[in-house]
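A.B. asks: Following is a predicted model, sequence given first.
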Amino acid sequence: MLICKPDFVVKYITELNTSLKNLKTSSLTQIQCNWLVTVLMGLIVAGSLNWAAFTRRSLGVCNESQLRWMFRYAKIRWDLLLQASITHLISRYGITMGVLVLDDSDKMRSRNTSKLAGVHKVKDKKTGGWFMGQEFVFLILVTNTVTIPVGFRFYIPNPALKAWKKINKAEIKAGIPSKERTKKPAPNPKYPSKKTLALQLLEEFSTNHPEVYIQAVLADALYGDANFMDTASKVTTCPQIISQLRTNQLVRNRNGKNTSLKSYFSRTSGVETQLSIRGGTEKNVTLLAARLIVKSHGKKRFVIALKYEGETEYRFIVATALSWRHKDITRAYSLRWLVEVFIADWKGHEGWNTLSKQQGDEGAMRGMTLSLLCDHLLLLHPDQFARLKNKQPGMPVGCLIEHINAAALLDGVSHIVNADEPKSEFEKFSKLMKASLPDRNSSKHMAGRDLGRLAPTTSLKYQKAA
């Protein structure tokens, strides 16, 4: 499909510029606004952050080198673009409260890359192996109308910590007592942990958007330690932080003794009931709940053992607020799955995941910002906005992009049909289309290359004898 400038995209960039002005910062110039319109439509149409593809899809109207120059050198407040867009979305949708959800994801990269920011060895959750890639921590806002990505951070592991883990593993295998082993290196501010990055995201959103009341914060088991949950509650002024505990974590039983969660909840048969998942499907689950002192947390928490129909093992949800009902906590925690949906949409349709090889720290951060702005833009598409504001199910991102591409095609056809000389306009369009198409040599065929001598050769010994 072709890159055009639909009214809703131009309107979004205009309103984004107004939001930037309200943050008491420099606004975008008209050239910068036009560039953003082109790039966001390019992400939708081409499906990747690829300057050459943008040039082709615009039929040569856009210049590849100019697009790249603007990305690298234009004086745009990249650090405030996402905040300004979030502020605008909150205002347009009239958001006053919501749930914050944390999660992390990764992007596989080439093993030989050296210029992409933050590429390191990442464990493959599907295979148990390893690959070279980039990792991110995401924060999304879930409301009763719309789900919005509101922050991200790139994660890079501490090389010193990685080296220590290798040494520590070898020392344990050698039977060296814990007191004599190499000490764990102190945290390095240059390499913040995922928990630190997550807390930064929570604090940043709470500070920038105090008008939004945070009802709960959700995160997976990685963030289920006492320090994170207590700090998250403090920086967001939200009493309810919900995460998960491991099955072997200790809790205090009625006799005052410590026992594992698995052992504690195995003594009682669970209650079979139905649970509403994300306000929709009712699923059969088995539940157990108790307010227990978690040893590693040093305080009482609300612990819920949850098992879906067909599962044999419980998973253990932990919450900081003791005054909530256990069913409300479990229903709230089911909202965490929405961040997985966002990541799937982002990777599949919103440009950054495909051929987004922007070099350096600035390239990575700016590329990610543009991709998330694309997600915000789609939330303000007239059809999507009307559906969500009227409490109707919204369209999936892929479906919405198909609608936009179809509209772009129809716009091009309409321009030709309504021209004073349709035939000449069509010929002009055809020439531009052909000129914009790529022309590369295929490595699959041998035409023009030496295939080699593919025939038997008589041995020299046999030739002499003859």
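C.D. replies: Everything's here; your move.

A.B. asks: Report the residue spans of the stretch 251-400 of the chain with pLDDT below the cut-off.
C.D. replies: 352-357 (pLDDT under 70).

A.B. asks: mind running it again at 90?
C.D. replies: Scanning the stretch 251-400 of the chain for pLDDT under 90 picks out the ranges 253-257, 262-286, 307-313, 327, 334, 336-368, 371, 389-400.

A.B. asks: all helices for it, in order.
C.D. replies: If DSSP state H, counting those that start in this stretch is used as the criterion, the helices of the stretch 251-400 of the chain fall at 261-265, 326-333, 337-349, 360-379, 382-389, 397-417.

A.B. asks: Which of those helices sits closest to residue 429?
C.D. replies: Checking those against residue 429 by C-beta to C-beta gives helix 397-417 as the closest, at 6.0 Å. For glycine as for every other residue, the C-beta is placed from the backbone atoms N, C-alpha and C.

A.B. asks: Return the list of helices and strands in contact with that closest one.
C.D. replies: Applying 3 or more C-beta pairs under 8 Å, 6 or more residues apart in numbering; DSSP states H and E, we find helix 397-417 packed against helix 30-46, helix 337-349, helix 360-379, helix 382-389, helix 422-436.

A.B. asks: Dump the longest one to CSV, keeping only the CA atoms.
C.D. replies: The reference is to helix 360-379. The C-alpha trace of helix 360-379 is given here as CSV (Å, rounded to 0.1, in the frame of the first residue of the first chain):
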residue,chain,number,x,y,z
GLY,A,360,23.5,3.2,18.9
ASP,A,361,21.6,4.1,22.0
GLU,A,362,19.8,7.0,20.4
GLY,A,363,18.7,4.9,17.4
ALA,A,364,17.2,2.3,19.7
MET,A,365,15.4,4.7,22.0
ARG,A,366,14.1,6.9,19.1
GLY,A,367,13.0,3.8,17.1
MET,A,368,11.1,2.4,20.1
THR,A,369,9.5,5.8,20.8
LEU,A,370,8.2,6.1,17.2
SER,A,371,6.8,2.5,17.4
LEU,A,372,4.9,3.3,20.6
LEU,A,373,3.6,6.6,19.1
CYS,A,374,2.3,4.4,16.3
ASP,A,375,0.3,2.4,18.9
HIS,A,376,-1.1,5.6,20.3
LEU,A,377,-2.0,6.8,16.9
LEU,A,378,-4.0,3.7,16.2
LEU,A,379,-6.0,4.2,19.4
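
A.B. asks: How far off centre is it?
C.D. replies: Taking C-alpha atoms, centre = their mean, to the nearest Å, one finds the center of helix 360-379 at 11 Å from the center of the full chain.

A.B. asks: Would you mind getting the angle between that helix and helix 30-46?
C.D. replies: Counting by axes from the mean of the first three to the mean of the last three C-alpha atoms, to 10 degrees, helix 360-379 lies at 80 degrees to helix 30-46.

A.B. asks: what angle sits between helix 360-379 and helix 397-417?
C.D. replies: Helix 360-379 runs at 80 degrees relative to helix 397-417, counting by the same axes, to 10 degrees.

A.B. asks: end to end, how far does stretch 54-64 reach?
C.D. replies: From its first residue to its last, stretch 54-64 covers 7 Å (C-alpha to C-alpha, to the nearest Å).

A.B. asks: Mind jotting down where the strands sit in this structure?
C.D. replies: Using DSSP state E, the strands of the chain run over 97-108, 120-123, 130-142, 147-155, 213-218, 241-245, 250-252, 258-260, 271-276, 282-294, 299-308, 315-319.

A.B. asks: send the alpha carbons of the fourth one over as CSV?
C.D. replies: Taking only C-alpha atoms (Å, rounded to 0.1, in the frame of the first residue of the first chain), the coordinates of strand 147-155 have been written out as CSV:
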residue,chain,number,x,y,z
THR,A,147,-5.1,-0.2,27.2
ILE,A,148,-2.1,2.2,26.6
PRO,A,149,1.7,1.6,26.6
VAL,A,150,3.1,4.3,28.9
GLY,A,151,6.8,3.5,29.3
PHE,A,152,9.7,1.4,28.4
ARG,A,153,13.4,0.8,29.3
PHE,A,154,16.2,-1.2,27.7
TYR,A,155,17.8,-3.7,30.0
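
A.B. asks: What are the contacting residues of it?
C.D. replies: 82, 86, 89, 100, 104, 117-118, 134-141, 192, 194, 197, 200-201, 204-205, 338, 341-342, 346, 364-365, 368, 372, 375-376, 379 (C-beta atoms under 8 Å, 6 or more residues apart in numbering).

A.B. asks: next one: stretch 247-255
C.D. replies: 258-262, 264, 292-296, 303, 313-314, 316.

A.B. asks: swap in stretch 96-104?
C.D. replies: By C-beta under 8 Å, 6+ apart, stretch 96-104 touches 135-144, 150, 155, 194, 198, 201-202, 205, 211-220, 222-223, 236, 238, 332, 335-336, 338-340, 343.

A.B. asks: Would you check that residue 383 makes contact with residue 395?
C.D. replies: Yes. Counting by C-beta atoms under 8 Å, residue 383 touches residue 395, with 6.8 Å between them.

A.B. asks: among the strands of the chain, which is nearest residue 16?
C.D. replies: Closest among the strands of the chain, using C-beta to C-beta: strand 147-155, at 14.2 Å.

A.B. asks: partner strands of the closest one, parallel or antiparallel?
C.D. replies: For strand 147-155, the paired strands and their directions (DSSP bridges) are strand 130-142 (antiparallel).

A.B. asks: Alpha carbons of the partner strand, as CSV, please.
C.D. replies: Provided in CSV are the C-alpha atoms of strand 130-142 (Å, rounded to 0.1, in the frame of the first residue of the first chain):
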residue,chain,number,x,y,z
TRP,A,130,20.5,-18.9,24.4
PHE,A,131,20.5,-16.2,21.7
MET,A,132,21.9,-12.7,21.1
GLY,A,133,19.2,-10.1,21.5
GLN,A,134,17.9,-6.9,23.2
GLU,A,135,15.7,-6.9,26.3
PHE,A,136,13.1,-4.3,27.4
VAL,A,137,10.8,-3.6,30.4
PHE,A,138,7.4,-2.3,29.5
LEU,A,139,4.7,-0.5,31.5
ILE,A,140,1.1,-0.4,30.3
LEU,A,141,-2.0,1.4,31.7
VAL,A,142,-5.2,-0.8,31.7
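
A.B. asks: and it, average pLDDT?
C.D. replies: The predicted model gives strand 130-142 an average pLDDT of 87.
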